[in-house]
Each structure stands twice: as C-alpha cells, then as structure tokens.
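Engineer: pasting the sequence and the predicted model now:
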Amino acid sequence: MKCIGVDVSKQELVTYDVEKERVFPNTGALSEFEAFVDCGGDVLIAFEPTSTYSRRLEAFCRDKNIPALKLNPRLISHLREVHGKRSKTDKTDAELLYIYGVTWEKTDFENPQSGDRLAQALSAHLAVYRVTQKARVAHQGVFEALSQDPSTPKALLDELAVTIESLKEKEKACVVRMQALISEEKSASSALQALLSIPGVGSITAITLLTLFLRYPGTDRRQIVALAGLDPVEYQSGSSVHKKARISKRGNQEVRKRLYEATLSAARFNPAVKDVYSRLKERGKPEKVARIAAARKLLLIAHAIYKSGDKYREPGGVKGLTVNTASDPEVPLTPKFPCCSWVLWWGGGVKEWVFDLH
C-alpha cells in the first residue's frame, strides 16, 4: 500500500511519499491533489485533523473511497523526538506522518466512507449555537451590571435588551434547524427521542450526545468514556511518585461541559445518577468529583440507550418491566441490550475508579 503523509494548513497541503515533498493548494475540490493521488490504486493518506482546515481533505477521502489515517496531533511531537527531528516544519511533519502510516497495521485502517454526514452537519450547527449562547451570556452580564448604575442611559439598556432577545431567538432557531436535520433520518430521530427520555437530559445535551454517538458508532462503553475525556489516568513511578488519579480531559470538551451541566438536574431526578452522586457525597468527596462521576454515569446510560433504541426506564431489575410504545402500551421488555441490567452493573463499576478522582 502506498502511503502519503499530508500536513494540513489553512492554505496548503504539504505531502511526502518517500520520493519528494509536494505542495498543493487547500482550496476548492482539491483538483491538483486529486491529480497527484492515484485514486484507483492502493493508497493510504495519513494526516492530522486540524479543525475545519482538514474537513476538505476528509471529504475528499470519503468521496473517493480512499482509506485515511487520522492521527492525534499529540502523537507527532513525540514522533519527532523518537526520530531525532530537531526542526519543526510542514515538510518534517508530513514525513513523520508518512513514517507512521507505513508502519501501521493495515487492518486498523478505517474507511472514511463510514463517517456520518449528519454528525458533521450537527457539529457545525452546535458551533454556531455555542458562539451565540456565549454572546448572549456576555450581553446579559453587561446589561445586569449597567442596570445597577443610575447614570446608565435608558436607551443603551433598551438596545442591550433588544440584542439579548435577538440572540435568544437565534439560539432557538439553531435548535430548530438541528431538530429538522435529525428528523430527516428516521433512525437518528428515534435515537434523539430516546435520549430525551432520560431524566436530566435536555435538547442541547441530547443533540450533543447524538452527534458524538453518530460520529463513533462502533464504540464500547470504555471507548465512549475516553472520547468524552472522562476516562481515569494514573501517574505512578516506583514507590515515591504516586499522584492521585484524575480524568484525562483528552476527549470532546463540549460533551464534558454539557454532561456536567446536565448533572445539576440529573443528580436530583435521575435515580441511577442520583445514587452515584449521593454515595460520593456521603463519603465526603468534593462536589466536583461527585459531579464528574455523575456525568460519566449519565454518558454511559445515554450510550446504552442509543445502542438499544429503547427509551429510558428506571433501574430496578429486568423481570416484570414493561415499555410503553405507541402501538401497544404493555409490551414485555425484550430489548437487544438490557439497559436496566447494564445500569445496575455500571453502579458497581463506578466504585472501582471514580471515588478518588480529583
């Protein structure tokens, strides 16, 4: 298999394929890059995802059905030390990507065709929602501060109030557009309704989780926790160095934020999450530790519900439970993935690692 290492920047694609370095414009449909790549041959493209700059290359690989190896940007800095590269340039980065690509196991390559376009579209809308929400909160802070000052002109306060209302309307419009996109796909729409049935999960949290699950459909519970950055990491060496465990924070920051905010409600109204949160607080753990444990629990519940396709049911044993449906309100519980038993299992699993997270 021919490997091409590609260093992606805003304007250029710097490639290395053991023969020589080549530079192509990162614009349009990547026609010059397409002419260079033998799309009909056995080709692998290795690159670092760089936010929106690499989206064009990702779409190119997906449309041309070319295997792509997307590497964590943290990896290249370590590879540079291993291979003794003192300089940091686009060329050396492309060369390191090539070296890693040719040594990777072929069976581990992922076909970009399996990527979900809906997840990418939702990610774009969520980005707009975040910016709009941040602007609205900032304007509200200024409005509240200035409203306490008698010397503030009323016209200025009225203008701020209009701006705040406008931003609120934009936030609602973002949610409506995302819901409309999801409704176009029956499976995604059903999954969203199942996620919304979880106590403590609102529209934005449900859409954020659905986007994560659509982007990584084949993950297990351990992997989905890592993708959210809620997996525990340890730092230990010999007998003298033994730091307390903590979460990695290497996953999706937005998912962690939404889950953490959702625990403010879920820790009160979701029995499974409330149980984890209460037990940690009773043991004297800090509020933040209890919230993180609750967020992890909520994520695992949501992931199991997404996998099963069933709506949320309070934990309490599988026998005798029923699930309401539109066609038959009393259908015996026969899920492909027994969520309730998973929830009870998770309750024991959390004890193994979460109590000492700081």
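Structural biologist: Good, I have the coordinates.

Engineer: which ones are touching residue 209?
Structural biologist: 195, 201, 255, 258-259, 299, 302, 306 (Cβ atoms under 8 Å, 6 or more residues apart in numbering). C-betas here are computed from N, CA, C, even on glycine.

Engineer: in helices, which of the residues you listed appear?
Structural biologist: Among the contacts of residue 209, the residues falling in helices (DSSP state H) are 195, 255, 258-259, 299, 302, 306.

Engineer: those, buried ones only, as a ChimeraX selection?
Structural biologist: Buried residues within the ones in helices among the contacts of residue 209, by 16 or more other Cβ atoms under 10 Å, are selected in ChimeraX with:
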select :195,255,258,259,299,302,306
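
Engineer: tell me which two in the ones in helices among the contacts of residue 209 are the farthest apart.
Structural biologist: Taking Cβ to Cβ, the two most distant members of those are 258 and 306; they sit 15.0 Å apart.

Engineer: pLDDT for the ones in helices among the contacts of residue 209 - can I get that in TSV?
Structural biologist: Output for those, formatted as TSV (pLDDT from 0 to 100):
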residue	pLDDT
195	96
255	95
258	95
259	95
299	96
302	95
306	94
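
Engineer: from the ones in helices among the contacts of residue 209, pick the one nearest residue 17.
Structural biologist: Nearest to residue 17 among the ones in helices among the contacts of residue 209, counting by Cβ to Cβ, is residue 255 at 36.0 Å.

Engineer: can I get the contacts of residue 209 in JSON lines including distance to residue 137?
Structural biologist: Formatted as JSON lines, the contacts of residue 209 follow (distance: Cβ to Cβ, whole Å):
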{"residue": "195", "distance to residue 137": "25"}
{"residue": "201", "distance to residue 137": "21"}
{"residue": "255", "distance to residue 137": "20"}
{"residue": "258", "distance to residue 137": "15"}
{"residue": "259", "distance to residue 137": "19"}
{"residue": "299", "distance to residue 137": "25"}
{"residue": "302", "distance to residue 137": "25"}
{"residue": "306", "distance to residue 137": "29"}
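
Engineer: wait, which of those residues is closest to residue 270?
Structural biologist: Looking across those and measuring by Cβ to Cβ, the closest to residue 270 is residue 201, at 8.5 Å.

Engineer: ok, now how distant is that closest one from residue 213?
Structural biologist: Distance from residue 201 to residue 213, counting by Cβ to Cβ, to the nearest Å: 13 Å.

Engineer: so what sits against both of those two?
Structural biologist: In contact with both residue 201 and residue 213: residue 302, using Cβ under 8 Å, 6+ apart.

Engineer: what's the helix or strand for residue 4?
Structural biologist: Assigned by DSSP states H and E, residue 4 falls within strand 2-8.

Engineer: how far off centre is that strand?
Structural biologist: Strand 2-8 sits 25 Å away from the centroid of its parent chain (Cα atoms, centre = their mean, to the nearest Å).

Engineer: which parts of that strand are buried?
Structural biologist: So for strand 2-8, counting by 16+ other Cβ under 10 Å, buried means 3-8.

Engineer: any chance of those in TSV, with pLDDT too?
Structural biologist: TSV is the format used below for those (pLDDT from 0 to 100):
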residue	pLDDT
3	88
4	90
5	91
6	93
7	92
8	92
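
Engineer: where exactly do the helices run in the stretch 151-300 of the chain?
Structural biologist: 154-183, 186-196, 203-215, 221-227, 253-269, 271-282, 287-308 (DSSP state H, counting those that start in this stretch).

Engineer: so residue 214 sits against residue 187, correct?
Structural biologist: No. Using Cβ atoms under 8 Å as the test, residue 214 is too far from residue 187 to be in contact (9.5 Å).

Engineer: tell me which of the two has more neighbours.
Structural biologist: residue 214 (22 against 11; other Cβ atoms under 10 Å).

Engineer: residue contacts, the more buried one?
Structural biologist: Residue 214 touches 116, 118-119, 122, 188, counting by Cβ under 8 Å, 6+ apart.
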